[in-house]
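K.L.:
no sequence on hand, only this structure:
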C-alpha cells in the first residue's frame, strides 16, 4: 500500500520537510487508510452479528420469571446436596457393616446375622474408637452367648476317640456293657 507522501509525489506535489511532521499529524487525526477502514467495518459487522445473537437469545427468555427460576435452581441444588449426603451416609453405613461382618468372621461367629442382632449397632456407630469397641462387644456376646461362636463345643474339643481305624478301642468295654443293658446282641 502506498503512503500519502508517495501519492502526492505522483501528482507532483511535495510537502516541505519542515512541515512534513505537522502534515502527518493532521492527516492521521482526520483520515484513515483503506485497510484501517476495512478492519473497522469487519469489527462492526462482528459486533452487530454478536448483538443480534444475544438479542435472539434474550427473546427466548421473554415471559420467564427469574425469581421462579432462581427458586427452582435453589431447590435443585438442595435436592442434589441431600442426595449426596444420603449417598455418603449409605456408603459410610455399608463400610461400617462390612467392618462388623469382618470382625464377626474373625471372631469365629457361626451365624453373622444372629451375632449382629446381639450387638448394639447404634452405639457402635456413634463410638469414637469403633474397631476396639466392636471387638469388646463381640467378646461380651461370646461370653454370654458362646453357642453363636461354637468355640467351646465338644466337637471342637474332643475328649475321646474320633472313630479312626488306628489306635485302641477307647471305651470299648463301655459300649459292650451298654449293649448288654439294652438287650442288644454283642457287636460282631
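P.N.:
Done, it's in. Since the model is a prediction, treat every value here as computed from it, not as a measurement. Numbering: from 1, shown residues only.
K.L.:
got the buried residues for stretch 117-127?
P.N.:
The neighbour-count check on stretch 117-127 (16 or more other Cβ atoms under 10 Å) flags 118-119, 124 as buried. Backbone N, C-alpha and C define where each C-beta goes, glycine included.
K.L.:
identify, from the residues you listed, the entry nearest to residue 69.
P.N.:
residue 124 (45.8 Å; Cβ to Cβ).
K.L.:
contacting residues around the closest one?
P.N.:
96, 100, 130, 133-134, 137 (Cβ atoms under 8 Å, 6 or more residues apart in numbering).
K.L.:
7 Å instead?
P.N.:
The contact partners of residue 124, by Cβ atoms under 7 Å, 6 or more residues apart in numbering, come to 130, 133-134, 137.
K.L.:
ok, it to residue 15 distance?
P.N.:
98 Å (Cβ to Cβ, to the nearest Å).
K.L.:
grab the longest helix from this structure for me.
P.N.:
helix 66-107 (DSSP state H).
K.L.:
coming back round to it: any of the contacts of residue 124 buried? List them.
P.N.:
Applying 16+ other Cβ under 10 Å to the contacts of residue 124 flags 133-134, 137 as buried.
K.L.:
so which of those sit within helices?
P.N.:
Short answer: the buried ones among the contacts of residue 124 in helices (DSSP H) are 133-134, 137.
K.L.:
give me the helices and strands touching the longest helix of the chain, please.
P.N.:
helix 112-118, helix 130-144 (3 or more Cβ pairs under 7 Å, 6 or more residues apart in numbering; DSSP states H and E).
K.L.:
please redo it, this time with the cut-off set to 8 Å
P.N.:
Packing partners of helix 66-107 (3 or more Cβ pairs under 8 Å, 6 or more residues apart in numbering; DSSP states H and E): helix 112-118, helix 121-126, helix 130-144.
K.L.:
ends of stretch 113-125, what's the gap?
P.N.:
End-to-end distance for stretch 113-125, by Cα to Cα, to the nearest Å: 17 Å.
K.L.:
revised request: answer the last question for stretch 99-118.
P.N.:
Distance between the two ends of stretch 99-118: 16 Å, counting by Cα to Cα.
K.L.:
buried sites along it?
P.N.:
100, 103-104, 107, 109, 115-116, 118.
K.L.:
distance from it to the middle of the chain?
P.N.:
28 Å (Cα atoms, centre = their mean, to the nearest Å).
K.L.:
with stretch 137-153 instead?
P.N.:
Distance, centroid of stretch 137-153 to centroid of chain: 38 Å (Cα atoms, centre = their mean).
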